[in-house]
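Student: next comes the sequence, and after it the predicted model I'd like to discuss.
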Amino acid sequence: MTGRLSRYLDRFELVFANLSLALLVVVLGLQVFFRYALQTGLTWSEEISRFAFVIFVYISASLAAQRGTHIRVTLFIRWFPGGRSVALLLADAIWIVFNAFVVWAGILLFLRMLKFPVYSTALFLPLSWLYLIIPVAHALMILRIVQRQWMHWRYGTPIVADEAGDAVSSAEDGA
């Protein structure tokens, strides 16, 4: 069951990120066309493109956590007393605590915005539902970090993407 759920989440993140990016590109293309070809602007395009961009960034961050492609500073890992795996586990534990704080703060923000609604300027949409992407994406990141660590400790898959065959990282390590 967890394998099936994991595949659904993988697909959800990928499809949702791609749809939000496609929406962003289409809306910006329409805005450029209307502005320069028809000499008029679209009042709603700036808000829709901003919302699509925010959704794209947050969902893509979760997708990057799932794939192990987040930026990491690994310069001092070789000097860590427990070794590379323990250092990355500690770093991921700190990352999980940060994400848990953001989930908690994001839920509080969402509830506050439900109580005191704020609406977008052009479309008059309640912004509380857009801000819900913050705790959702960070909760997904927690799940993905735990999943990546589990796969590493259980099956030996690398925590950082392409670390097994990465010639750059082995050159940096002095090997």
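Tutor: Right, received. Where do you want to start? Because the structure is a prediction, the values reported are computed rather than measured.

Student: which residues touch the spatially most central residue of the chain?
Tutor: Taking CA atoms, centre = their mean, the centroid of the chain lies closest to residue 61, which sits 1.7 Å from it. Neighbouring residues of residue 61 by CB atoms under 8 Å, 6 or more residues apart in numbering: 70, 137, 141. Every residue, glycine included, has its C-beta placed from N, CA and C.

Student: so how far is the one helix or strand it maps to from its chain's centroid?
Tutor: Taking DSSP states H and E as the criterion, residue 61 maps to helix 45-67. A distance of 7 Å separates the centroid of the chain from that of helix 45-67, by CA atoms, centre = their mean, to the nearest Å.

Student: hang on, the earlier thing: how close does the residue nearest to the centre of the chain sit to residue 118?
Tutor: 24 Å (CB to CB, to the nearest Å).

Student: so where is the protein shaky, pLDDT-wise?
Tutor: Across the chain, the ranges flagged by pLDDT under 70 are 1-2, 163-175.

Student: which helix in it runs the most residues?
Tutor: helix 2-36 (DSSP state H).

Student: buried residues, that helix. List them.
Tutor: Residues 9, 13, 16, 17, 20, 21, 23, 24, 27, 28, 31 are the ones in helix 2-36 that count as buried (16 or more other CB atoms under 10 Å).

Student: re the thing from before, so the helix holding residue 61 versus helix 2-36, what angle?
Tutor: 150 degrees (axes from the mean of the first three to the mean of the last three CA atoms, to 10 degrees).
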